[in-house]
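K.L.:
3D, please:
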Amino acid sequence: LAPFRACIAEKLWLARHFWEELAQIPHMERGPYPDLSVVIYRYVPEHGDANAFNEQLMRRIHEDGRVFLSSTKINGTFYLRLACLSFRTHLHTIESALAMIRECIGQVRRDWGMD
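P.N.:
The predicted structure follows:
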């Protein structure tokens with residue numbers, strides 16, 4: 001059981017690390033502090049439809065493909081979602097996801113004429 005418990009503890013720590021690092025990205029709205037290994041978040045642009053921005057951001061992230069992230073709608077609000085579940089997910093995966101998110105936000109901002 002020890003390796004299984006260690007893996008679960010690592011995934012929870014990774015989710016919490018990801019959640020904390022999201023706070024460093026301007027205009028990023030984070031969901032609740034993770035009790036499990038899933039994090040919801042979304043980018044809230046200075047102007048325009050946040051749902052449309054995040055839908056385009058999700059498309060860019062999927063096109064990039066370095067890390068698979070998913071999305072969900074909660075009460076009509078579009079959120080991006082990270083789920084740290086795979087035994088292959090480690091800190092380098094989370095850091096790569098954060099870099100990819102930052103880059104894709106920049107691309108969508110340029111598409112929207114924000115930069």
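K.L.:
give the buried residues for stretch 13-21.
P.N.:
Residues of stretch 13-21 classed as buried under the neighbour-count rule (16 or more other CB atoms under 10 Å) are 14, 15, 16, 17, 18, 19, 21. All C-beta atoms are positioned from the backbone trio N, CA, C, and that covers glycine.
K.L.:
quick one: the first one from residue 93, how far?
P.N.:
From residue 14 over to residue 93 the distance is 8 Å, taken as CB to CB, to the nearest Å.
K.L.:
need the helices for the protein, in chain order.
P.N.:
Remark: helices assigned in the chain by DSSP state H are 2-22, 50-64, 91-111.
K.L.:
want to throw these into JSON lines with mean pLDDT and distance to residue 34?
P.N.:
Converted to JSON lines, the helices of the chain look like this (pLDDT from 0 to 100; distance: least, CB to CB, whole Å):
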{"stretch": "helix 2-22", "mean pLDDT": "96", "distance to residue 34": "4"}
{"stretch": "helix 50-64", "mean pLDDT": "98", "distance to residue 34": "19"}
{"stretch": "helix 91-111", "mean pLDDT": "98", "distance to residue 34": "12"}
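K.L.:
any chance of the ones you listed in a markdown table with distance to residue 39 as columns?
P.N.:
Below are those laid out as a markdown table (distance: least, CB to CB, whole Å):
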| stretch | distance to residue 39 |
| --- | --- |
| helix 2-22 | 5 |
| helix 50-64 | 14 |
| helix 91-111 | 10 |
